[in-house]
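S.K.: Can you look at this prediction? I've put the sequence above it.
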Amino acid sequence: MKLGIVGLPNVGKSTLFNAITKAGAEAANYPFCTIEPNVGVVTVPDKRLQVLHDIYNSKKTIYTTIEFCDIAGLVKGASKGEGLGNKFLGHIREVSAIVHVVRCFENDNIVHVNGHIDPLEDIDTINTELIFADLEVLERAIARTQKNMKADKKLGSKLAILERAKEWLESGKNIRAMEMDEDDHEVLDEIDLLTSKPIIYVANVSEDEVADTDNPYVKQVSELAAAEGARCVQICAEIEAEMAELEDEEREAFLEDLGIEESGLDKLIKASYSLLDLISYLTAGEPEVRAWTIKRGTKAPQAAGKIHTDFEKGFIRAETITYDQLVECGGNLGKAREKGLIRSEGKDYVVQDGDVIHFLFNV
């Protein structure tokens, strides 16, 4: 999973990126200090893995990961090549979802590119540029489809979908907010529109407001996200940067002192999984304990294919037990079998979050 962190210059993008990846992207109080996208990989926290590691005394414990890409700040006119516009738009096309950092704090010492704090205006600036970029793509797709209709009259339904999407964008709305059926998705997925990508708005607040639920700026962003079917996460990038330097125990005490239950990174990862409809199944034993990320609704053979393509090709069955049941049995599979807790699942089984699975296959 690759997430692209975007936002106007000086909203806290690179500070947040540094904190969650400890990759040290340059953070400075001026636009465009991030020119090439910095990339960092972070592990997805999953307490179940540590429990299974302790039960089996595993040699290796492997967490699933998320790749974060810090993309250069955008300004008005990016769709026409202003600032680093073309690079920005190109890098966004490569990500699974967008993490849009929005400044929701006042600070006279940090320059805002628009000279004032207005998160909805900031969001609109970037959304407008993405809409303009998508309109260009749609106009080209419409022209191609009209040309090809001379030889294939069946393309009329495709043209109607493209034209409806164009009208929607021209009304100032993102494609992800448009009601679509299966045919719409099939046509529009082919052209990879930027405004169709899932989005999480990160409301970046000051240290004093990290536990405050009444920040008016955050409320504005939350309401917009809800209207779009997006997610909103409240984070203080500066605090995340401080926590990045602490050990696990110190971090927990730090969070407790602040009056918050989990770090911004944990909230962001949970929001990402929810937005992209992802779950994790587990494999466990003495050699290795590991989490595997799949799309919700994935059937057993395709889940097995995440481990190795041969597992999917030669799939026989999946011996499955829930994480809770396995822990109750102390990891003893013999005991679990006696209790009838291990299920033998076939090709049509839909894997559930927290399933601990042993795949049987033959190639």
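M.R.: Right, received. Where do you want to start?
S.K.: which residues in the stretch 151-300 of the chain form helices?
M.R.: 156-170, 182-189, 216-228, 237-243, 248-258, 264-276, 300-305 (DSSP state H, counting those that start in this stretch).
S.K.: Which elements pack onto the last one?
M.R.: With contacts defined as 3 or more Cβ pairs under 8 Å, 6 or more residues apart in numbering; DSSP states H and E, helix 300-305 has these neighbours: strand 288-295, helix 309-313, strand 315-322, strand 355-361. Yep, even glycine has a C-beta here, placed from its N, CA and C like the rest.
S.K.: could you redo the last one with a cut-off of 10 Å?
M.R.: Helices and strands touching helix 300-305, by 3 or more Cβ pairs under 10 Å, 6 or more residues apart in numbering; DSSP states H and E, are strand 278-283, strand 288-295, helix 309-313, strand 315-322, strand 355-361.
S.K.: Ok, the first one next?
M.R.: Other helices and strands packing on helix 156-170, by 3+ Cβ pairs under 10 Å, 6+ apart, are helix 119-148, helix 182-189.
S.K.: mind listing what's buried in that helix?
M.R.: Neighbour-count burial for helix 156-170, counted by 16 or more other Cβ atoms under 10 Å, picks out 158-159, 161-162, 165-166, 168-169.
S.K.: Just want the angle from that helix to helix 119-148.
M.R.: Relative orientation of helix 156-170 versus helix 119-148 (axes from the mean of the first three to the mean of the last three Cα atoms, to 10 degrees): 160 degrees.
S.K.: what residues does helix 156-170 touch?
M.R.: For helix 156-170, the surrounding residues in contact (Cβ atoms under 10 Å, 6 or more residues apart in numbering) are 130-135, 137-139, 141-146, 148-149, 152, 155, 173-175, 177-181, 183-188, 190-191, 193, 195-196.
S.K.: still on that earlier bit, between the buried residues of helix 156-170, which is nearest Asp124?
M.R.: Leu169 (13.9 Å; Cβ to Cβ).
S.K.: Just name the most buried of the helices and strands packed on helix 156-170.
M.R.: helix 119-148 (a mean of 18; mean count of other Cβ atoms under 10 Å).
S.K.: next SSE after the helix or strand of the chain with the lowest mean pLDDT?
M.R.: When each helix and strand of the chain is scored by mean pLDDT, DSSP states H and E, helix 85-92 comes last, with a mean of 65. Following helix 85-92 in sequence order, the next helix or strand is strand 97-103 (DSSP states H and E).
S.K.: That next one - contacts with which helices or strands?
M.R.: Helices and strands touching strand 97-103, by 3+ Cβ pairs under 10 Å, 6+ apart, are strand 2-6, helix 13-21, strand 65-70, helix 119-148, strand 199-204, helix 216-228, strand 231-235, helix 264-276.
S.K.: can you list the ones you listed in JSON lines and add mean pLDDT and distance to Gly285?
M.R.: Formatted as JSON lines, the helices and strands packed on strand 97-103 follow (pLDDT from 0 to 100; distance: least, Cβ to Cβ, whole Å):
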{"stretch": "strand 2-6", "mean pLDDT": "89", "distance to Gly285": "30"}
{"stretch": "helix 13-21", "mean pLDDT": "83", "distance to Gly285": "30"}
{"stretch": "strand 65-70", "mean pLDDT": "86", "distance to Gly285": "21"}
{"stretch": "helix 119-148", "mean pLDDT": "91", "distance to Gly285": "46"}
{"stretch": "strand 199-204", "mean pLDDT": "95", "distance to Gly285": "35"}
{"stretch": "helix 216-228", "mean pLDDT": "92", "distance to Gly285": "41"}
{"stretch": "strand 231-235", "mean pLDDT": "93", "distance to Gly285": "35"}
{"stretch": "helix 264-276", "mean pLDDT": "88", "distance to Gly285": "25"}
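S.K.: how about the ones you listed, which one is nearest Phe311?
M.R.: strand 65-70 (20.3 Å).
S.K.: Now the closest one: buried residues?
M.R.: 66, 68-70.
S.K.: Which strands border it, and is each parallel or antiparallel?
M.R.: For strand 65-70, the paired strands and their directions (DSSP bridges) are strand 2-6 (parallel), strand 38-43 (antiparallel).
S.K.: domains for the protein, by residue range?
M.R.: 2-45+64-116+196-275, 128-195, 297-361 (automatic domain parsing).
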